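**Student:** give me coordinates for this.
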Amino acid sequence: MSPSSHTPRWSLSDLPAQTGRTVLITGAGSGIGLETARAFASAGARVTLAVRTLDAARAAASDLPGDPEVLPLDLADLSSVRGFAAAWDRPLDVLVNNAGVANVPLGRTADGFERHLGTNHLGHFALTNLLLPRITDRVVTVASNAHKGATLDLTDLNWQRRPYRASAAYGQSKLANLLFTLELRRRLTEAGSPVLAVAAHPGAATTGLNRHLGPALAFVAATVGRIIQQSGSAGALPILFAATRPLVGGSYVGPDGRGEQRGHPTLVGRSAAAQDPVLARELWDASERLTSTAFPLLVP
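**Tutor:** As a prediction, this is how the structure comes out:
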């Protein structure tokens with residue numbers, strides 16, 4: 001849906017003070033994750049960047065205010081996820097599930113999962129469940145417009161039988177992000193928890209996600225990108241909106257421009273598959289089996 005002509009367009013200047021709040025952002029060493037971290041830190045939050053490459057992230061975060069923390073986390077390795085969660089010993093206001101890979105060749109994570117599914121969905125699924133007892137406000141999961149043309153094959157989530165296509169695998173993982181948010185919202189509500197599960201997408205923003213495209217496609221992406229893409233800081237706005245605004249659980253935020261490619265954040269729609277509660281529960285059950293993690297017992 002688009003905002004009405006009477007609704008003010010939300011921008012970075014509308015981000016409320018975040019003093020005293022703790023925010024954890026995965027994949028925050030570059031791109032939208034780094035810009036999200038920058039905005040939160042500038043607003044006074046205690047920010048932790050959970051990243052795979054420490055040195056590069058520390059260099060990137062060196063000019064962020066508030067001396068943000070940089071910690072190692074490899075979402076493609078469940079032992080890393082478990083170790084990270086076990087070491088997290090303080091309340092957490094906001095978890096931003098931002099890290100991701102896109103359009104990578106067929107490969108497997110440390111646990112044998114297809115890389116898009118393992119990194120973008122299963123790693124965040126496990127991390128969220130393990131950290132939920134510490135989370136006080138909300139979980140924001142970063143999805144993508146790529147979910148709209150995607151399907152989810154519960155009989156072959158890890159592309160062991162189907163002919164592999166990187167774009168289809170990426171789309172499936174982003175559909176999984178939204179189904180995860182849908183079922184997480186249901187479980188939180190049923191448990192009487194005040195924690196919100198919401199999602200956001202950045203539109204067409206300049207990130208490093210297309211670095212795995214071949215030369216020809218990379219050239220096309222760069223050429224088209226110069227026309228339709230917005231900056232990383234603009235792409236972070238829907239995430240910041242989803243993380244700080246009074247929303248109902250399950251809300252999905254994206255840019256308000258044509259095709260949700262760019263613009264100011266607003267509530268947006270999603271595909272019919274992304275709204276399927278049965279599919280969401282089935283994916284949740286499969287994800288529990290694959291990661292050996294489960295929704296924790298929460299005390300409201």
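**Student:** I'd say V104 and S167 touch.
**Tutor:** No: in terms of C-beta atoms under 8 Å, V104 does not count as a neighbour of S167; the distance is 10.6 Å. No exception for glycine: its C-beta is placed from N, CA and C like everyone else's.
**Student:** buried set for the host helix or strand of A56?
**Tutor:** Using DSSP states H and E, A56 sits in helix 54-60. Residues 57, 60 are the ones in helix 54-60 that count as buried (16 or more other C-beta atoms under 10 Å).
**Student:** the residue nearest to A274 when sequence neighbours are not counted and G33: what is the separation?
**Tutor:** Nearest residue to A274 in three dimensions, chain neighbours excluded: L178, at 4.0 Å (C-beta to C-beta, 6 or more residues apart in numbering). Remark: distance between L178 and G33 (C-beta to C-beta, to the nearest Å) = 19 Å.
**Student:** output the below-cut-off pLDDT ranges for the stretch 1-150 of the chain.
**Tutor:** Applying pLDDT under 70 to the stretch 1-150 of the chain flags residues 1-7.
**Student:** now the longest strand anywhere in the chain - C-alpha only, CSV.
**Tutor:** The longest strand of the chain (DSSP state E) is strand 135-142. As requested, the backbone C-alpha atoms of strand 135-142 are provided in CSV (Å, rounded to 0.1, in the frame of the first residue of the first chain):
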residue,chain,number,x,y,z
ILE,A,135,15.2,-9.5,23.2
THR,A,136,12.9,-6.8,24.7
ASP,A,137,11.5,-4.9,21.7
ARG,A,138,11.6,-6.4,18.3
VAL,A,139,13.2,-8.6,15.6
VAL,A,140,13.6,-6.9,12.2
THR,A,141,14.3,-9.3,9.3
VAL,A,142,15.5,-7.9,6.0
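**Student:** partners of it, with directions?
**Tutor:** Sheet pairing of strand 135-142 (DSSP bridges) gives strand 92-97 (parallel), strand 196-200 (parallel).
**Student:** distance between that strand and the chain's centre?
**Tutor:** 10 Å (C-alpha atoms, centre = their mean, to the nearest Å).
**Student:** what residues sit buried inside that strand?
**Tutor:** Within strand 135-142, the residues that count as buried by 16+ other C-beta under 10 Å are 135, 137-142.
**Student:** ok, now which ones touch L182?
**Tutor:** 250, 274-275, 277, 280 (C-beta atoms under 8 Å, 6 or more residues apart in numbering).
**Student:** whoops, I mixed them up, R186
**Tutor:** 277, 280-281.
**Student:** before we move on, what about F295?
**Tutor:** 129, 132, 184, 187, 191, 284, 288.
**Student:** which element follows the helix or strand where L240 lies toward the C-terminus?
**Tutor:** Assigned by DSSP H and E, L240 falls within helix 237-244. Sequence order places strand 252-255 as the next helix or strand after helix 237-244, per DSSP H and E.
**Student:** counting by contacts, list what that next one packs against.
**Tutor:** If you count contacts as 3 or more C-beta pairs under 8 Å, 6 or more residues apart in numbering; DSSP states H and E, strand 252-255 packs onto strand 196-200, helix 237-244, strand 265-267.
**Student:** I'd like the ones you listed as CSV, with mean neighbour count and distance to G100 appended.
**Tutor:** Below are the helices and strands packed on strand 252-255 laid out as CSV (neighbours: other C-beta atoms under 10 Å; distance: least, C-beta to C-beta, whole Å):
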stretch, mean neighbour count, distance to G100
strand 196-200, 27, 13
helix 237-244, 28, 12
strand 265-267, 22, 19
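**Student:** nearest to A45 among those would be which one?
**Tutor:** Of all those, it is helix 237-244 that lies closest to A45, at 9.7 Å by C-beta to C-beta.
**Student:** tell me the mean pLDDT for the closest one?
**Tutor:** Helix 237-244 carries an average pLDDT of 97.
**Student:** dump that helix to CSV, keeping only the CA atoms.
**Tutor:** The C-alpha trace of helix 237-244 is given here as CSV (Å, rounded to 0.1, in the frame of the first residue of the first chain):
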residue,chain,number,x,y,z
LEU,A,237,15.5,3.9,6.0
PRO,A,238,12.9,1.0,5.8
ILE,A,239,14.9,-1.0,8.3
LEU,A,240,15.2,2.0,10.6
PHE,A,241,11.5,2.6,10.3
ALA,A,242,10.6,-1.0,11.0
ALA,A,243,13.0,-1.0,14.0
THR,A,244,11.7,2.1,15.7
